[in-house]
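Asks: after the sequence you'll find the predicted model.
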2 protein chains.
Amino acid sequence: MPAEKLKQMACSDCQIRHRAVCSRCDDDELQKLDKIKYYRTFQTGQTIALTGQKMDFVASVVNGIATLSQTMEDGRTQMVGLLLPSDFVGRPGRDGVVYDVQATTDVTLCCFQRKPFEELMVQTPHLVQRLLQITLDELDAAREWMLVLGRKTAREKLASLLAIIARRYATLRKLSPSDAIEFDLPLTREAMSDYLGLTLETVSRQINALKKDGVIELIGKRHVRVPDMQLLVIEAGDDADGGFIT
Amino acid sequence: MPAEKLKQMACSDCQIRHRAVCSRCDDDELQKLDKIKYYRTFQTGQTIALTGQKMDFVASVVNGIATLSQTMEDGRTQMVGLLLPSDFVGRPGRDGVVYDVQATTDVTLCCFQRKPFEELMVQTPHLVQRLLQITLDELDAAREWMLVLGRKTAREKLASLLAIIARRYATLRKLSPSDAIEFDLPLTREAMSDYLGLTLETVSRQINALKKDGVIELIGKRHVRVPDMQLLVIEAGDDADGGFIT
DNA sequence: TATTAGATTTGATCTGCATCAAAGACGATA
DNA sequence: TATCGTCTTTGATGCAGATCAAATCTAATA
């Protein structure tokens, strides 16, 4: 199927083509998906689902940024996933929620009711194939992140996080890898510290250290420009071309 | 299909029923799997596959323990997965290896040639379903581990690792949760430190601290007895019944 | 039984990040 | 444009775990 045709078939109402469910849809399947989909919006800071609850849908992120995180009884929390537009939310085949899902900016989800979605999975083997590939990508990303959490210094952690976000934004905007990347940080210092296993003070200090050393530029407190992606990646301690998947 | 029948159908030559590929096989599919499978053994310390290589098979662990790990250029390494008997190895649909796979004890794998296995996936939707569920479990485990790496103290990390291993052994041996669990540690102190993002000295100190406090008993240096699983779980900082998946 | 190499323990010291505390900066609202 | 609340920065101090160094232990081999 030509790329152009695929693009036309992007889930009709969203601006984006969902990575999960539309990669090989034909018109027939698209119609079936259309029948069970609906949109929900969440405001900045709002909870999408909490650990222990049931979630009666799976979804694609259309707009905004959501986070997955786990919290210990004493309040220590660790972010385990960062969801950008086109990312998939939910665990097909299981309705229990095992991490808190939260909107860190205003978020629009394109939801699919769980029951009919799972019926569609049974009828549509390539949808399951697709979900398997997505899940493998998420697993790779989670394991890359284990290296960050377990072995990297605070400075390397910050550089890793900025590199991930920069790379994702570049992909979403279809920039070439050599372009300077510029973006608004979708996370507070505290949210970053939850992702990196640090305190917010350390995050603040390291961001400003990277700025002082010319690795990043800061316009205001949230807008970041990466003049040389290569340099940022080196600061992150990755081999020059090695790349995170998510 | 009755459970008894399923059990008989465990992949004929291995003692175990592979979690990945045999959970719902009928005779016909089992024959197809039999045709493409073969056994390989690896000795303690031997490399099964290295990052950057191609792997022309996927496999089930039949015996022994294997590890997945990532190494930075300067030698820092982080273990990202621990594979016990019945665990699945490999990334269906992709032949690139993205973490080193190593045998920490003598290991027997039941391998399936990649090409025919992937053809079988196309013909056998429930196999893909099964792989998706396995991958979701691995993802949950990886994310649980992110919490361990990012937020737990050295003592909690050790307790978490011991709890995971104890729980897996209990499952493999079909012990009831209340039984005292006893097992040989399949990892050196150094391997444990690679899993936990610590140094081997800290691992040693914390293990002996847990022993001194009666949380575990040590017979020799490698044999562990957990008199009260509940206690160990509390030391790990988890809610009493919360459980790791892997 | 002696030898040796790897695994483990133990001790002393150092350091990166956490913790505690307080002072800006900024945007929203009145 | 004044005020409030949230986010961020900055500084001083403390500590968990790293690092460096050297004993032990253990099991395999001669």
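Replies: Alright, I've got the coordinates.
Asks: what residues are up against the residue nearest to A:Glu217 when sequence neighbours are not counted?
Replies: Nearest non-adjacent residue to A:Glu217, counting by C-beta to C-beta, 6 or more residues apart in numbering or on different chains: A:Arg225, 4.2 Å away. Any C-beta I mention is one placed from the backbone N, CA and C, and that applies to glycine too. For A:Arg225, the contact set (C-beta atoms under 8 Å, 6 or more residues apart in numbering or on different chains) comprises A:Ala180, A:Ile181, A:Glu182, A:Ile216, A:Glu217, A:Leu218, A:Ile219.
Asks: same thing with A:Phe112?
Replies: A:Val21, A:Leu33, A:Ile36, A:Lys37, A:Phe57, A:Val58, A:Ala59 are the contacts of A:Phe112 under C-beta under 8 Å, 6+ apart.
Asks: what is the nearest of the residues you listed to chain B?
Replies: Closest approach between the contacts of A:Phe112 and chain B, by C-beta to the nearest C-beta: A:Val58, at 11.9 Å.
Asks: that closest one contacts A:Phe117, doesn't it?
Replies: Yes - in terms of C-beta atoms under 8 Å, A:Val58 counts as a neighbour of A:Phe117; the distance is 5.8 Å.
Asks: shared neighbours, these two?
Replies: A:Pro92.
Asks: as a quick check, tell me the outermost residue of chain A.
Replies: The centre of chain A is farthest from one residue, A:Asp28, which by C-alpha atoms, centre = their mean lies 28.9 Å away.
Asks: my read is that residue is in a helix, agree?
Replies: Yes - counting by DSSP: H, G, I helix; E, B strand; the rest coil, A:Asp28 is found in a helix.
Asks: quick one: the strands in chain A?
Replies: With strands called from DSSP state E, chain A shows them at A:37-42, A:47-49, A:57-63, A:66-71, A:77-83, A:88-89, A:100-103, A:107-113, A:181-184, A:217-219, A:223-226.
Asks: now do the buried residues in the second one.
Replies: Meaning strand A:47-49. A:Ile48, A:Ala49 (16 or more other C-beta atoms under 10 Å in any protein chain shown).
Asks: go on, the fourth one?
Replies: By 16+ other C-beta under 10 Å, the buried positions in strand A:66-71 come out as A:Ala66, A:Thr67, A:Leu68, A:Ser69, A:Gln70, A:Thr71.
Asks: contacts only, for the fifth one.
Replies: For A:Gln70, the residues meeting the contact criterion (C-beta under 8 Å, 6+ apart) are A:Thr51, A:Thr77, A:Gln78, A:Val80, A:Val98, A:Tyr99, A:Asp100, B:Arg143, B:Glu144, B:Met146, B:Leu147.
Asks: just the buried members of those?
Replies: A:Thr77, A:Gln78, A:Val80, A:Val98, A:Tyr99, A:Asp100, B:Arg143, B:Glu144, B:Met146, B:Leu147.
Asks: beta-bridge partners for the closest residue to A:Gly81 other than its chain neighbours, please?
Replies: With C-beta to C-beta, 6+ apart as the criterion, A:Gly81 has its nearest non-adjacent residue at 3.6 Å, and that residue is A:Leu68. Legend: beta-bridge partners of A:Leu68 under DSSP bridges are A:Gly81, A:Val101.
Asks: what's the spacing between A:Leu68 and A:Leu50?
Replies: Distance, A:Leu68 to A:Leu50, using C-beta to C-beta, to the nearest Å: 12 Å.
Asks: shared neighbours, the two?
Replies: Joint contacts of A:Leu68 and A:Leu50 (C-beta under 8 Å, 6+ apart) are A:Asp100, A:Val101.
Asks: how is chain A divided into domains?
Replies: A:3-144, A:152-235 (automatic domain parsing).
Asks: any idea how far the first one is from the chain center?
Replies: Same thing as domain A:3-144. Relative to its chain's centre, domain A:3-144 lies at 10 Å (C-alpha atoms, centre = their mean, to the nearest Å).
Asks: state the mean pLDDT of that domain.
Replies: Domain A:3-144 shows a mean pLDDT of 86.
Asks: same thing with the last one?
Replies: What domain A:152-235 shows for mean pLDDT is 95.
Asks: how about that domain and DNA strand D, touching?
Replies: Yes - using C-beta under 7 Å from any atom of the strand, domain A:152-235 reaches DNA strand D at A:185, A:188-190, A:200-201, A:203-205, A:207-208, A:218, A:221-222.
Asks: which of the contacts of A:Phe112 are buried?
Replies: The buried subset of these (16+ other C-beta under 10 Å) comprises A:Val21, A:Leu33, A:Ile36, A:Lys37, A:Phe57, A:Val58, A:Ala59.
Asks: need those residues in a markdown table with distance to A:Phe112, can you?
Replies: Listed next are these as a markdown table, based on distance: C-beta to C-beta, whole Å:
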| residue | distance to A:Phe112 |
| --- | --- |
| A:Val21 | 7 |
| A:Leu33 | 7 |
| A:Ile36 | 5 |
| A:Lys37 | 5 |
| A:Phe57 | 6 |
| A:Val58 | 6 |
| A:Ala59 | 7 |
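Asks: of those residues, which is the nearest to DNA strand D?
Replies: In terms of C-beta to the nearest atom of the strand, no member of these lies closer to DNA strand D than A:Ala59, at 24.6 Å.
Asks: all helices for chain A, in order.
Replies: Secondary structure of chain A (DSSP state H): helices at A:3-8, A:27-36, A:114-123, A:125-151, A:154-172, A:189-196, A:200-212, A:229-235.
Asks: against A:Asp228, how distant is A:Gly214?
Replies: A:Gly214 sits 9 Å away from A:Asp228, going by C-beta to C-beta.
Asks: name the residue in the two with the higher neighbour count.
Replies: Neighbour count, other C-beta atoms under 10 Å in any protein chain shown: between A:Gly214 and A:Asp228, A:Asp228 has more, with 14 against 10.
Asks: tell me both backbone torsions, phi and psi, for that one.
Replies: Main-chain dihedrals, A:Asp228, degrees, to the nearest 10: phi -140, psi 100.
Asks: wait, what's in contact with it?
Replies: A:Ala180, A:Val215 are the contacts of A:Asp228 under C-beta under 8 Å, 6+ apart.
Asks: hang on, the earlier thing: now render the helices of chain A as JSON lines, adding distance to B:Cys110.
Replies: Below are the helices of chain A laid out as JSON lines (distance: least, C-beta to C-beta, whole Å):
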{"stretch": "helix A:3-8", "distance to B:Cys110": "38"}
{"stretch": "helix A:27-36", "distance to B:Cys110": "35"}
{"stretch": "helix A:114-123", "distance to B:Cys110": "28"}
{"stretch": "helix A:125-151", "distance to B:Cys110": "21"}
{"stretch": "helix A:154-172", "distance to B:Cys110": "36"}
{"stretch": "helix A:189-196", "distance to B:Cys110": "38"}
{"stretch": "helix A:200-212", "distance to B:Cys110": "46"}
{"stretch": "helix A:229-235", "distance to B:Cys110": "39"}
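Asks: any chance of those helices in CSV, plus distance to DNA strand C?
Replies: Formatted as CSV, these follow (distance: least, C-beta to the nearest atom of the strand, whole Å):
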stretch, distance to DNA strand C
helix A:3-8, 35
helix A:27-36, 36
helix A:114-123, 35
helix A:125-151, 10
helix A:154-172, 4
helix A:189-196, 7
helix A:200-212, 3
helix A:229-235, 13
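Asks: out of the ones you listed, flag the one nearest chain B.
Replies: In terms of C-beta to the nearest C-beta, the element of those nearest to chain B is helix A:125-151, at 3.0 Å.
Asks: same for that closest one, what does it pack against?
Replies: Counting contacts by 3 or more C-beta pairs under 8 Å, 6 or more residues apart in numbering or on different chains; DSSP states H and E, helix A:125-151 packs against strand A:77-83, helix A:114-123, helix A:154-172, strand B:66-71, strand B:77-83, helix B:125-151.
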